[in-house]
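**Q** requesting a structural model of the entry that follows:
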Amino acid sequence: MTDRATDIQKIINATLLYARGLDLADPQEALSAYTEDAYWDATAVGLKRFEGHEEILGFFTADAGAMAEQFHIMTNHIVEFDGPDTAHGTNYVFSEGTTKAGASIKAIALNRDTYRRVGDDWKISGRAISPLTTPQMEGFDA
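**A** You can find the predicted model right below:
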């Protein structure tokens, strides 16, 4: 692989690591995809904006406690490089699940991400989530 192809694969792996961490109720794994100063903004789908590892981990932990089951499918990754250690891009997410209280959730959204190289890896430094279809989030309390 070329260096850029390797970088793209590492960026995609970060988005997949985030999804697997959420789906396996492992907030630390989900958080490991993010830089220390990252933001995660889902205000467009009716959730909140979280900044920094502590706030993001708090949300991922609450999500793990609220969800009985969930899955995230991440696809259609587009990555564009801004410099040797920074990039931005988009990907689609399809998420569905059931809360422990019995509510069903479903969201099909576009993630607008920024990425930064951290050591030998790439991490998400910012994520803004925008709905592609009307989200079904009623009863989700995390």
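**Q** where's the nearest residue to Asn91 once chain neighbours are set aside, which helix or strand?
**A** Of all residues not flanking Asn91 in the chain, His77 sits nearest, at 4.5 Å (C-beta to C-beta, 6 or more residues apart in numbering). Backbone N, C-alpha and C define where each C-beta goes, glycine included. Here His77 sits within strand 67-81, counting by DSSP states H and E.
**Q** Asn13 is in contact with the residue nearest to Asn91, correct?
**A** No. Under the criterion of C-beta atoms under 8 Å, His77 makes no contact with Asn13, lying 10.4 Å away.
**Q** so for the two, which residue has more residues nearby?
**A** Set His77 next to Asn13 and count neighbours by other C-beta atoms under 10 Å: His77 wins out with 17 against 13.
**Q** please point out which parts of the strand holding His77 sit buried.
**A** By neighbour count on 16 or more other C-beta atoms under 10 Å, the buried set for strand 67-81 is Met67, Gln70, His72, Met74, His77, Val79.
**Q** Asp141 belongs to a helix, doesn't it?
**A** No. Counting by DSSP: H, G, I helix; E, B strand; the rest coil, one finds Asp141 to be coil, located in no helix.
**Q** tabulate the buried residues of strand 67-81 (JSON lines), appending distance to Asp23 and pLDDT.
**A** Output for these, formatted as JSON lines (distance: C-beta to C-beta, whole Å; pLDDT from 0 to 100):
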{"residue": "Met67", "distance to Asp23": "9", "pLDDT": "95"}
{"residue": "Gln70", "distance to Asp23": "6", "pLDDT": "96"}
{"residue": "His72", "distance to Asp23": "6", "pLDDT": "97"}
{"residue": "Met74", "distance to Asp23": "11", "pLDDT": "97"}
{"residue": "His77", "distance to Asp23": "18", "pLDDT": "98"}
{"residue": "Val79", "distance to Asp23": "23", "pLDDT": "98"}
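**Q** identify the residues contacting the closest residue to Thr75 other than its chain neighbours.
**A** Distance criterion C-beta to C-beta, 6+ apart; nearest residue to Thr75, sequence neighbours excluded, is Tyr92 at 5.2 Å. For Tyr92, the contacting residues are Met74, Thr75, Asn76, Ile108, Ala109, Leu110, Asn111, Leu132, by C-beta atoms under 8 Å, 6 or more residues apart in numbering.
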